[in-house]
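Asks: starting from these lines, generate the structure:
(2 chains)
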Amino acid sequence: MRLDKTACRQIAIQGLVIAAVAAATLWVGGNVAANLGRAGIEFNFRFLSLPATFELGESFLSFRSGESIGRAFLAGLSNTIVVSALSIVFATVLGVLIGVARLSTDKFLTCLAFGYVEGIRSTSLLLQLLFWHTLFTHALPAPRQAGRVLDCAVFSNRGIFLPFLTPWGWSLVAGGATVLFVTVGGVWRYAPGRQRMPGLALSVGLVPVLAIAIGLASHDPAVLCPRLQGFNIAGGTNVSTEFAALLLALSLYASSYISEVVRSSIAAVPRSQVEAGRALGLRSGPILWLVVMPQALKTMIPPMTNQYLNVMKSSSLAVAIGYPDVVRVSMITISQTGRAIECMMIITLVYLSISLLIALAMNIYNRRRLQRSSD
Amino acid sequence: VSTGQAIRRAVVAAALVSLAWIILDWAVLTATGPLAEPSACKNETGACWPFLAAKVRLILFGRYPFAEQWRPAIAVVIAGGLIIWSMKEILRIRTSGIRGRALLSGWVIGLAVCGLLMAGGVFGLRPVPSETWDGLPLTIMLATLSSFGAFWLALVLALARRAKMPVVSALSSAYIEFIRGVPLVGFLFMVFVLLPLLLPPGWSVNSPLRALAVLTLFLAAYMAEAIRGALQLVPRGQYEAAGVVRLGYWKTMTVIVLPQALSKALPSLANIFIAAIKDTTVVFTVGMFDLLGAAESAIGDPAWGGRFFEIYAFVLVIYLIMCAGVSFYSRALERAVSTAP
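Replies: Model prediction:
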C-alpha cells in the first residue's frame, strides 16, 4: 500500500501526540510515586474496610462512627441519590408548569413565568443554596420556641419536623395503593369506553377516602405528630435544614432550565397540530396534554437528560453547607486518612457511572417511546 | 378574557402586589437609612442598611488592603469597559467584521494596567500579594480569563474531536466526556487536593492561578461541544469547495469553516460565559474570597445581630446585573448572527 502525504502526516501527528501524553503521564506518575513514597502512603483501597472515626449527621442509609469507611461512602452516595432524585421530580413538575405558562395566550402569565426563569437563572446556584441555608438556620427559631402549624408540624433551626406515617400508617398506604392499582387496572381493562372515566374517577376518589376513614377509626395512630422531648423533638419525620435548603435550591434552579426545555420543545411542534385538535372540537387542555405534549417529548428528551445530569452533579454543592453527600464524605476521609488519590478516583467513578446510568435509562425510554409511536 | 382567567389574574396580581409591598416595606419604609447610626437598627424591623454600608468594601474587595482599595476599583472599571467594548465588537461579526488587532492590543494594554494596579510594586504603589485579590475583581478575573483561555482550548478540542485521526479524536472525546461527567466542585477539589501530589516537591501554584486553571479546563469541555455542534452545521459543500481550490487543512479551517461555525456558536458561547460568571462562585468551597466568599465572611456578624438579608440582596443584585446583562446581549447576538447576510 502506498501512503500519500496526508496519511504520513496524520500518522506522524498521532505518534507525536501519543509520545507527549506518554511523557506527561510518566512524569506525573513519577512525581506521584515519589511524593507517596516520601509520605509513606501506599496506593490501595484497603482503607475502605477500616472503621471510620467520624459521624455524618444524617444519611438515608444508616451510618454511625465505628462502621467502615466504605459504608460511609455508601451512606454519602445514598444522600446524593435521594436529594438528586427528589429534586429531579420537583423540578420536572414545576418546570413543565412554568414552560406551559410561558406559552400561554395570557400575556400576564407569560411575563410572570419569564421573570421567574430569568431571575433564577441570573444568579448562581451556590448563592441561592447559601441563601436558603442561612435563611433556614438564622431565621427559624430554636426548638424551644419553634414555630408550629396545627401543633403538628414544627419549624426550627434544628430541622423541619413533619408528621409522618407509623408502620400501621404505611400498611394502610400500601394496602390502599394495591386496591387502587387493581381497581384502576380492572376498570381500564374491562369497563366499556363510556363508563371508563366515571369508573376511574370513582375508584381514584373512593379508595383514599376509605383508607383515611380506616386510619381515623382505628385505635393505633396512622400518623404521628412530632413532639418536644427534653431539648429535642421526637416522633414524625425530621428534614434537616441542609437537606431542605439543598432540595429547594436544586428544584427551583433546575425548574427554570427545564421550563426552557419544555417551552422550546412545545414551540417546535407544528402549529397545525393544535389547529387539527381544535377542528376536532377538543378544548385547550386536552389539546396540550394529548396532542402537543406527546409530540414535544421527542425533542424534549435529550436536553432533559442533560438537565437531570446537571441536577445530579450540582448536588455536590452540598459540601458548601455541610450536607453529607458523597463528595463531603470523601473530603472528610481525605483529611483523616490522606488517601487523596483513591478518594478522588471513587468520586470520579461514582459520578461517571451515575451519569452513564441516567443517560442509559433515558435512551431506553426514548427508544421504547419511538417504537410505540411507530406501531 | 374569560372569567377563569380574570380570577387567576386577580389572585396572581394580589400575590405580586403583596410581595412587592413586603419588599418595599422591608427595604425602604421600615428600614434604617445607610447613613444612620448602627444602633438605630435595633428598633426597626426592616433592612439595616448601615450594616451593608459597613460591610460593602469587605464584600467588594475582601482582604485587599483597605487604604489601597481604589486600585481594584479602577481595575474593575477598566475590565468592565474592555468586556463591554469586546461584546460590541463581536456584535459586528456578520456586518463589518471584528477589529481583531485593535481588540487584542486594547486587551493587552488594559490587562497590563489592571495587573500593575492590583499587584503594585512600581510607581510607588505598595506591593499587594495576589492571594488577597478578593471580591469582585477576583470574580471578574476568573470569569473573563478562564472563558478566554477556555475558548482557545475548546477550539483545539473541537477540531481534534472531529479530526480523522483515531488517536487524537479519542483523546479529545475522552477528555470532554470526563469533564462533562464530573461536577465542577469535584474537579475543583481534585485539582486542589491532588496538585501537590502530581508536581515535584517544592513546586507550587497559588490558589488564584489554580482556580483559574480549573475553570479554564472545565469550561473548555463545554465550549468544545458548543463549537463542535456549530461545526456540524457547516455544509459539506463548503469543505468540498475548499478541497477543489486545493486549500490545505489549516487554510480550509481558518478561512472557510471556522468563521461560519464560530458565528453560529457565538450565542451558546455567550451562554457559557454566563455559566462561567455563576460558576466562579464555587471557589468559595475551597476557601477563596470571590464576591460570594467575601459576602459570606460578612454574613452573620454577631456584632450586627446575625443579619444576612441585606448582604444577600446586594450580592444578588450584582450577579443579576452581570448575568442578565450578558443574557440580554446573547439574545442580541442571536439576532445579529441570524439576520445579517
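
Asks: spatially central, which residue of chain B would that be?
Replies: Centroid-nearest residue in chain B: B:I277, 2.3 Å away (criterion: C-alpha atoms, centre = their mean).

Asks: I'd say that one and B:M141 touch.
Replies: No - counting by C-beta atoms under 8 Å, B:I277 stays clear of B:M141, with 11.6 Å between them. Using the backbone N, CA and C atoms, a C-beta is placed for each residue, glycine as well.

Asks: quickly find the element holding the residue nearest to the centre of chain B.
Replies: helix B:258-279 (DSSP states H and E).

Asks: pLDDT averaged over that helix - what is it?
Replies: In this model, helix B:258-279 has an average pLDDT of 86.

Asks: buried set for that helix?
Replies: Using 16 or more other C-beta atoms under 10 Å in any protein chain shown as the test for burial, helix B:258-279 gives B:258, B:261-279.

Asks: run a quick neighbour tally on A:W170.
Replies: Using other C-beta atoms under 10 Å in any protein chain shown, A:W170 has 12 neighbouring residues.

Asks: got it, and A:V207?
Replies: 20.

Asks: apart from its neighbours in sequence, what residue is nearest it?
Replies: Nearest residue to A:V207, sequence neighbours excluded (C-beta to C-beta, 6 or more residues apart in numbering or on different chains): A:L180, at 4.5 Å.

Asks: phi, psi of B:G181?
Replies: With angles defined as degrees, to the nearest 10, B:G181 sits at phi -90, psi -20.

Asks: circling back to that earlier point, list the contacts for the residue nearest to the residue nearest to the centre of chain B when sequence neighbours are not counted?
Replies: Nearest residue to B:I277 in three dimensions, chain neighbours excluded: B:A143, at 4.6 Å (C-beta to C-beta, 6+ apart). Contact partners of B:A143, counting by C-beta atoms under 8 Å, 6 or more residues apart in numbering or on different chains, are B:215, B:273, B:276-277, B:280.

Asks: buried sites along the helix or strand harbouring B:A143?
Replies: B:A143 is part of helix B:135-162, with elements assigned from DSSP H and E. The neighbour-count check on helix B:135-162 (16+ other C-beta under 10 Å) flags B:135-151, B:153-155, B:157-161 as buried.

Asks: any idea which helix or strand carries residue 250?
Replies: I went with chain A, as the question did not name one. Going by DSSP H and E, A:L250 is part of helix A:241-267.

Asks: um, chain B though
Replies: Here B:W250 is assigned to helix B:249-251, by DSSP H and E.

Asks: contact partners of that helix?
Replies: Contact with helix B:249-251 is made by B:A242, as judged by C-beta under 8 Å, 6+ apart.

Asks: swap in stretch B:25-35?
Replies: When contacts are defined by C-beta under 8 Å, 6+ apart, stretch B:25-35 is touched by residues B:40-41, B:44-50, B:52-53, B:309, B:313.

Asks: tell me where chain B is predicted with low confidence.
Replies: Confidence mapping of chain B against pLDDT under 70 gives the ranges B:1, B:43-44, B:300, B:339-341.

Asks: and the helices in it?
Replies: Assigned by DSSP state H, the helices in chain B fall at B:3-24, B:49-61, B:70-91, B:100-119, B:135-162, B:166-181, B:184-198, B:207-233, B:236-244, B:249-251, B:258-279, B:291-298, B:309-339.

Asks: just the ones you listed: most buried one?
Replies: Among these, ranked by average contacts under mean count of other C-beta atoms under 10 Å in any protein chain shown, first place goes to helix B:291-298 (a mean of 25).

Asks: for the nearest residue to B:F308 once chain neighbours are set aside, which residues are in contact?
Replies: In space, and not counting its chain neighbours, B:F308 is closest to B:I299: 4.5 Å by C-beta to C-beta, 6+ apart. By C-beta under 8 Å, 6+ apart, the contact set of B:I299 is A:134, B:307-308, B:311-312.

Asks: how many other residues sit next to residue 97?
Replies: Since no chain was named, I'll use chain A. 14.

Asks: my question was about chain B, not that one.
Replies: 10.

Asks: so it versus A:A268, what's the distance?
Replies: Using C-beta to C-beta, to the nearest Å, B:G97 is found at 33 Å from A:A268.

Asks: got it, and B:S169?
Replies: In terms of C-beta to C-beta, B:S169 sits 31 Å off from A:A268.

Asks: and for A:I81?
Replies: 32 Å.

Asks: these two: who's more crowded?
Replies: A:I81 (18 against 12).

Asks: then the more buried one would be within a strand, right?
Replies: No - counting by DSSP: H, G, I helix; E, B strand; the rest coil, A:I81 is not part of a strand but helix.

Asks: for the residue nearest to A:V207, give me its contacts.
Replies: A:L180 touches A:203-204, A:207-208, counting by C-beta under 8 Å, 6+ apart.

Asks: so which of those residues is the closest to B:F328?
Replies: A:V204 (46.3 Å; C-beta to C-beta).

Asks: any figure for the gap between the closest one and chain B?
Replies: 24 Å (C-beta to the nearest C-beta, to the nearest Å).

Asks: also A:F73?
Replies: Taking C-beta to the nearest C-beta as the criterion, A:F73 is separated from chain B by 14 Å.

Asks: who are the contact partners of that residue?
Replies: Counting by C-beta under 8 Å, 6+ apart, A:F73 makes contact with A:48, A:326, A:329-330, A:333, A:346.

Asks: can you classify it as helix, strand or coil?
Replies: Classification of A:F73 by three-state DSSP places it in helix.

Asks: residues contacting the closest residue to B:A241 other than its chain neighbours?
Replies: Of all residues not flanking B:A241 in the chain, B:I256 sits nearest, at 7.5 Å (C-beta to C-beta, 6+ apart). Residues in contact with B:I256 (C-beta under 8 Å, 6+ apart) are B:238-239, B:241-242, B:247.

Asks: how about the residues of the stretch 1-150 of chain A by chain B?
Replies: A:10, A:13-14, A:17-18, A:21, A:28, A:31-32, A:34-36, A:38, A:106, A:108-109, A:112, A:118-119, A:121-127, A:130-131, A:134-135, A:138 (C-beta under 8 Å from any C-beta of the partner chain).

Asks: the same query, at a cut-off of 6 Å, please.
Replies: Residues of the stretch 1-150 of chain A found near chain B (C-beta under 6 Å from any C-beta of the partner chain) are A:10, A:14, A:17, A:28, A:31-32, A:35, A:106, A:108, A:122-124, A:126-127, A:131, A:134, A:138.

Asks: which ones among those are found in helices?
Replies: Using DSSP H, those in helices are A:10, A:14, A:17, A:28, A:31-32, A:35, A:108, A:126-127, A:131, A:134.

Asks: top of these by neighbour count?
Replies: Neighbour counts for these (other C-beta under 10 Å) peak at A:L126, which has 27 neighbours.

Asks: that one contacts B:T280, correct?
Replies: No - A:L126 sits out of contact with B:T280 when judged by C-beta atoms under 6 Å, with a separation of 9.6 Å.

Asks: where does the stretch 1-150 of chain A have low pLDDT?
Replies: For the stretch 1-150 of chain A, the ranges with pLDDT under 70 are A:1-3, A:143-150.

Asks: what do you get if the cut-off is 80, keeping everything else the same?
Replies: Residue ranges of the stretch 1-150 of chain A with pLDDT under 80: A:1-6, A:39-44, A:46, A:52, A:57-62, A:65-66, A:105-107, A:138-150.

Asks: which stretches of it form strands?
Replies: With DSSP state E, counting those that start in this stretch as the criterion, the stretch 1-150 of chain A has strands at A:147-149.

Asks: quickly find the element holding A:F161.
Replies: Judged by DSSP H and E, A:F161 forms part of strand A:159-162.
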